[in-house]
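**Student:** what follows is a protein structure lacking sequence information:
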């Protein structure tokens with residue numbers, strides 16, 4: 001059927017547009033695990049969606065598909081583990 005289930009990376013009030021490049025600093029353990037998972041399964045893709053501004057736990061109906069191109073370990077720079 002062509003459908004694929006992808007991980008969701010929620011962001012606050014930041015709007016991303018298709019065909020643009022962005023740097024995401026991933027430091028929360030659950031999102032670091034998401035990155036590990038997409039690297040291990042070979043997909044290297046995930047969806048970024050804005051959090052709803054007034055409804056907690058709800059997201060925008062439209063998101064942007066991100067393709068992971070480069071991953072840099074920065075935990076030593078940020079002191080995150």
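**Tutor:** Perfect, I can see it now. Here the structure is a predicted model, which means the values were calculated and not measured.
**Student:** report how many residues lie close to residue 66.
**Tutor:** Using other CB atoms under 10 Å as the criterion, residue 66 is surrounded by 19 other residues. For the C-beta atoms, the positions are set from N, CA and C on the backbone; glycine is no exception.
**Student:** dig out what it forms beta bridges with.
**Tutor:** Going by DSSP bridges, residue 66 is paired in beta bridges with residue 46.
**Student:** residues contacting it?
**Tutor:** 9, 16, 22, 45, 46, 47, 48 (CB atoms under 8 Å, 6 or more residues apart in numbering).
**Student:** any figure for the gap between it and residue 52?
**Tutor:** Going from residue 66 to residue 52 by CB to CB, to the nearest Å gives 20 Å.
**Student:** can you go through the contacts of residue 66 and name the buried ones?
**Tutor:** With burial judged by 16 or more other CB atoms under 10 Å, the buried subset of those is 9, 46, 47, 48.
**Student:** now the nearest residue to residue 17 once chain neighbours are set aside, what are its backbone angles?
**Tutor:** Nearest residue to residue 17, sequence neighbours excluded (CB to CB, 6 or more residues apart in numbering): residue 64, at 7.0 Å. Here is the backbone geometry of residue 64 (degrees, to the nearest 10): phi -120, psi 130.
**Student:** burial measure for residue 64, as a count.
**Tutor:** 19.
**Student:** what's the answer for the one 5 residues further on, then?
**Tutor:** Other residues near residue 69 come to 7 when the count uses other CB under 10 Å.
**Student:** what's the spacing between it and residue 53?
**Tutor:** 30 Å.
**Student:** before we move on, what about residue 20?
**Tutor:** Relative to residue 53, and taking CB to CB, residue 20 is found at 22 Å.
**Student:** not counting sequence-adjacent ones, nearest residue to residue 32?
**Tutor:** residue 26 (5.6 Å).
**Student:** pLDDT below threshold where in this structure?
**Tutor:** Residue ranges of the chain with pLDDT under 70: 13, 71-81.
**Student:** rerun that using 80 as the cut-off
**Tutor:** Low-confidence segments of the chain (pLDDT under 80): 1-2, 11-27, 52-53, 68-81.
**Student:** looking at the contacts of residue 66, spot the one nearest residue 2.
**Tutor:** residue 45 (14.3 Å; CB to CB).
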